[in-house]
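Participant: predicted coordinates and the sequence they were generated for:
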Amino acid sequence: MLQLAADQDELVTSAKAHRLLDWVPRHISFTDAPTRHYRAWKAAQPFSAR
C-alpha cells in the first residue's frame, strides 16, 4: 500500500484559492526578494553565529 502511494505523482497548487477567494500571496517565492529574506534570517541568528 505504501509503495502504491509513493508511486503517485500529484501537482499541488494554490490556483483554487486564487480563483475562488481572490487570494494573493504576500511572498511569491524565496527568490522574489533574496536580500530581504537573507537579512531577516541573519537578524534572527544568535549573536555568536554572526
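Facilitator: Looks like it arrived, so ask away.
Participant: just give me the longest helix of this protein.
Facilitator: Counting residues, the longest helix in the chain under DSSP state H turns out to be helix 34-44.
Participant: list the buried residues in that one.
Facilitator: The neighbour-count check on helix 34-44 (16 or more other C-beta atoms under 10 Å) flags nothing as buried. For every residue, glycine as well, the C-beta is placed using N, CA and C.
Participant: next one: it to chain centre, how far?
Facilitator: For helix 34-44, the separation from the chain centroid amounts to 15 Å (computed by C-alpha atoms, centre = their mean, to the nearest Å).
Participant: now stretch 36-50
Facilitator: In terms of C-alpha atoms, centre = their mean, the centre of stretch 36-50 is set 19 Å apart from its chain centre.
Participant: for that stretch, what is the average pLDDT?
Facilitator: Across stretch 36-50, the average pLDDT comes to 84.
Participant: output it as CSV, nothing but the C-alphas.
Facilitator: What follows is the C-alpha trace of stretch 36-50 in CSV, where atoms were taken according to Å, rounded to 0.1, in the frame of the first residue of the first chain:
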residue,chain,number,x,y,z
ARG,A,36,15.5,40.9,2.3
HIS,A,37,15.0,37.2,3.3
TYR,A,38,18.7,36.8,4.0
ARG,A,39,18.8,39.9,6.2
ALA,A,40,15.7,38.6,8.1
TRP,A,41,17.3,35.2,8.6
LYS,A,42,20.7,36.7,9.6
ALA,A,43,19.0,39.1,12.1
ALA,A,44,17.3,36.1,13.7
GLN,A,45,20.6,34.2,14.3
PRO,A,46,22.1,34.2,17.8
PHE,A,47,24.9,36.8,18.1
SER,A,48,27.6,34.2,18.4
ALA,A,49,26.7,32.8,15.0
ARG,A,50,27.2,36.1,13.2
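Participant: quick test: name the residue nearest the centre of this structure.
Facilitator: The centre of the chain sits closest to Ser29, judged by C-alpha atoms, centre = their mean, with a distance of 6.1 Å.
Participant: where does that residue land on pLDDT?
Facilitator: Ser29 is assigned a predicted lDDT (pLDDT) of 76.
Participant: Glu10 too?
Facilitator: Residue-level confidence at Glu10 comes out at 75, pLDDT.
Participant: now swap in Ala6 and tell me
Facilitator: Looking at Ala6, its pLDDT stands at 68.
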